[in-house]
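Engineer: Please find the sequence and the predicted model below.
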Amino acid sequence: MKRLWIVLAVLGTIAGPARAADIFEKVGTFDGQFLKIGIGARAAGMGGAFVAVADDPSAVFWNPAGLARLEEDKTSVMVNHIEWPASVNIDQATLVFHVKHLPGAVALNARSLSVADEPVRDSFRPDGTGEFFDAGYSSFGLTYARSFTDKFSAGASVNLVRLGLAEFSQETITFDLGTLYDVGVAGMKIGFAIQNIGGQVQFIDRQSRVPTVFRVGTSAELIKSSSQKLTGSFEFSHPPDNSERLNGGMEYGFKDFLFLRGGYNFNYDSEGIAAGAGVKFPVAPLKTNATFDYAYTDMKTLGAGHRISLNVRF
C-alpha cells in the first residue's frame, strides 16, 4: 500500500505545474482532430482512463504495449461504432494475432469518420446550389507489441492517416509508442503512451500538424475474488492544442460475465460523465466467448455520444 501512495504522489506532481502555469490553449490550430476521439465502449465507459488498463484490442488506440498481454494462443477481432453529435459516425476494427517464432503480438486496424453530405452554398444561394460535398477521415495502422519481462511490455504503431474535404485530400504518416509496467502490488499497473507523432498535412495554402497526445496513468485492482473484481484507473493527458486533462473511472465485473462501468472526463470542453455496461456470452460456432459493450458519454451542450463494441477471441 505504501508503494501505491508513492506512485500516486509522483503522478500527481505531473499535473501540478500544469495547473499552476498560465495555459495558452491553441484550439483550432491542429488538424486531424478525429484522431483524439477514444476508441472502444469499455474504455469510454471508464471515463477514458485506459492507458494503464489496455488489455483488449482497443489498446491499439490507448496504449499499444497492452497488446502484448493478450492471450498468445488466441486471435482477437474487435469492431467499434461511435455515434457522435452532429450526425458524425466513427467506425473502427482491429485484428490482433500472433506470428509463429515471433514473440509478442501483431495488430492491424482501420478507422473512419464520416458525416452526412452537406449542400454547397455561396453568397448568392445561401440555401444551396443544388450540389453537395462530403468530408471524411480515415486511418490504417500496423502495431507490434511484446513483453520484455514478466512485468514490462512495450509497443509501437505506424499509421497512414487520410484527411478529405470535398475535392481536397491529404495523407500523412504518424507513429504511436507505449509502455506498460506491472508494479506488483494490488494488480497495479503504470502506463505511458504518445500518440500521433510526426504527422503534418496541408490543405491548399494552410499547413498544420496532427495532434500529438501524451498520456500517463495508473490502474489497480481494488477488489478481487473468485466472483467479483473492481478495477480503478485514472490518467493525465496533454494534448498540444488544449489544457491538460484528467480521466478517472472504474469497472466492476461479476463472475466475468456482467460488467458495469463509470467515469468522468475532467477539464474537457464538451465531455463529462461517462457510464457503460458489458456482457460476455458464448459463441457456439466458434467454441469461444464474445463481449458486447455499450458506453454513454455526456457531451454537455452538444448532447450525448454513444459507443458500442464487440470483441471476439478464437
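Structural biologist: All right, it came through fine. Residues are numbered from 1 along each chain as shown.

Engineer: Give the full set of residues in contact with the closest residue to Phe133 other than its chain neighbours.
Structural biologist: Excluding the flanking residues, the one nearest Phe133 by CB to CB, 6 or more residues apart in numbering is Ala166, at 4.1 Å. Glycine gets a C-beta too; all of them are placed from N, C-alpha and C. Ala166 sits next to 133-135 when contact means CB atoms under 8 Å, 6 or more residues apart in numbering.

Engineer: Output the below-cut-off pLDDT ranges for the chain.
Structural biologist: Applying pLDDT under 70 to the chain picks out residues 1-30, 203-204.

Engineer: List the contacts of the residue nearest the centre of it.
Structural biologist: Centroid check for the chain by CA atoms, centre = their mean gives Gly38 as the closest residue, at 3.6 Å. For Gly38, the contacting residues are 44, 48, 50, 61-62, taking CB under 8 Å, 6+ apart as the criterion.

Engineer: Secondary structure element holding it?
Structural biologist: Assigned by DSSP states H and E, Gly38 belongs to no helix or strand.

Engineer: same question, the one 10 residues further on
Structural biologist: Taking DSSP H and E as the definition, Gly48 sits outside all helices and strands.

Engineer: Likewise for Asp55?
Structural biologist: Taking DSSP H and E as the definition, Asp55 sits outside all helices and strands.

Engineer: Report the separation between Tyr137 and Val88.
Structural biologist: The span separating Tyr137 from Val88 equals 10 Å under the rule CB to CB, to the nearest Å.

Engineer: what is in contact with the two at once?
Structural biologist: Common contact partners of Tyr137 and Val88 (CB under 8 Å, 6+ apart): Leu113.

Engineer: For these two, indicate the residue with more neighbours.
Structural biologist: Neighbour totals were compared for Tyr137 and Val88, and Tyr137 leads with 21 against 16 (other CB atoms under 10 Å).

Engineer: List the residues that contact that one.
Structural biologist: Contacts for Tyr137 were tallied using CB under 8 Å, 6+ apart; they are 32, 34, 112-113, 161-164.

Engineer: one more time with 10 Å, if that's ok
Structural biologist: 31-35, 90, 111-115, 161-165, 169 (CB atoms under 10 Å, 6 or more residues apart in numbering).

Engineer: How about Gly278?
Structural biologist: Applying CB under 10 Å, 6+ apart, the residues contacting Gly278 are 41-42, 45, 251, 253, 257-261, 291-295, 309, 311.

Engineer: are any of the residues you listed buried, and which?
Structural biologist: Under a neighbour-count criterion of 16 or more other CB atoms under 10 Å, the subset of those counted as buried comprises 41-42, 45, 251, 253, 259, 261, 291, 293-295, 309, 311.

Engineer: Let's have those in CSV, adding distance to Leu180.
Structural biologist: Formatted as CSV, the entries for these read as follows, by distance: CB to CB, whole Å:
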residue, distance to Leu180
Ala41, 21
Arg42, 17
Gly45, 20
Glu251, 17
Gly253, 20
Phe259, 21
Arg261, 20
Thr291, 21
Asp293, 21
Tyr294, 26
Ala295, 22
Ser309, 21
Asn311, 19
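
Engineer: Next step: those residues restricted to helices.
Structural biologist: Cross-referencing the buried ones among the contacts of Gly278 with the helices (criterion: DSSP state H) gives 41-42, 45 as the overlap.

Engineer: ok, what's across the strand from Gly217?
Structural biologist: Listed by DSSP bridges, the beta-bridge partners for Gly217 are Gly191, Glu235.

Engineer: and it, how many residues sit next to it?
Structural biologist: When neighbours are counted by other CB under 10 Å, Gly217 comes out with 27.

Engineer: what's the spacing between it and Gln200?
Structural biologist: Taken as CB to CB, the spacing of Gly217 relative to Gln200 amounts to 28 Å.

Engineer: Repeat that for Val283.
Structural biologist: For Val283, the distance to Gln200 (CB to CB) stands at 43 Å.

Engineer: what do you get for Phe50?
Structural biologist: Distance of Phe50 to Gln200, given as CB to CB: 27 Å.

Engineer: who's more crowded, those two?
Structural biologist: The residue with more neighbours, out of Phe50 and Gln200 and counting by other CB under 10 Å, is Phe50; that gives 34 against 14.

Engineer: Tell me which stretches of this protein form helices.
Structural biologist: In chain order, the chain shows helices spanning 2-20, 41-45, 59-62, with DSSP H as the criterion.

Engineer: Return the list of helices and strands in contact with the second one.
Structural biologist: So the one you mean is helix 41-45. With contacts defined as 3 or more CB pairs under 10 Å, 6 or more residues apart in numbering; DSSP states H and E, the packing partners of helix 41-45 are helix 59-62, strand 76-84, strand 245-254, strand 258-266, strand 273-283, strand 288-298, strand 304-313.
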